[in-house]
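Student: After the sequence you'll find the predicted model.
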Amino acid sequence: MHLAKVKGNVVSTQKNQYLKGHKLLIAQKIGLDGKFIGKNDFIALDLVNSGINDTVLVVQEGAAVKQILGHRKAPVHTMIVAVVDKIEVN
């Protein structure tokens, strides 16, 4: 799992049948300080109703996605599993 910042939406008129009804978002990995890591964005399936500029917790692993969705039929590797309200490091 890692932290990311949601940067945008993906709008699609045609979608895999197992993705219908699910929101796809564009995000970029961030560090504990909230700064972007690298330059690569990724697309993630959102199940927690996050939005642009939200800090989120992302899982990028097929077995975890299968467990959450309850099947392997959706072509998903990356999923937003939580909206992060606060990061506190001691």
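Tutor: Structure received. Numbers count the residues shown, from 1 in each chain.
Student: worst-scoring helix or strand of this protein, pLDDT-wise?
Tutor: Lowest mean confidence among the helices and strands of the chain (mean pLDDT, DSSP states H and E): helix 62-69, at a mean of 69.
Student: Would you list the phi and psi of the residue nearest the centre of the chain?
Tutor: Geometric centre of the chain, nearest residue: residue 80, 3.1 Å, by C-alpha atoms, centre = their mean. Dihedral pair for residue 80: phi -90, psi 120, per degrees, to the nearest 10.
Student: And for residue 42?
Tutor: According to degrees, to the nearest 10, residue 42 has phi -140, psi 160.
Student: now the strands for the protein?
Tutor: 2-10, 23-30, 36-46, 55-60, 78-83 (DSSP state E).
Student: which one of those lies closest to residue 90?
Tutor: Among the strands of the chain, strand 2-10 comes nearest to residue 90, with 16.9 Å by C-beta to C-beta. To be clear about C-beta, it is placed using only N, CA and C from the backbone, and glycine gets the same treatment.
Student: Next one, pLDDT for the residue lying closest to residue 26 once chain neighbours are set aside please.
Tutor: The shortest distance from residue 26 to any non-neighbouring residue, by C-beta to C-beta, 6 or more residues apart in numbering, is to residue 8 (4.1 Å). For residue 8, the pLDDT comes out at 97.
Student: Hmm, residue 8 is touching residue 52, no?
Tutor: Yes: counting by C-beta atoms under 8 Å, residue 8 touches residue 52, with 6.3 Å between them.
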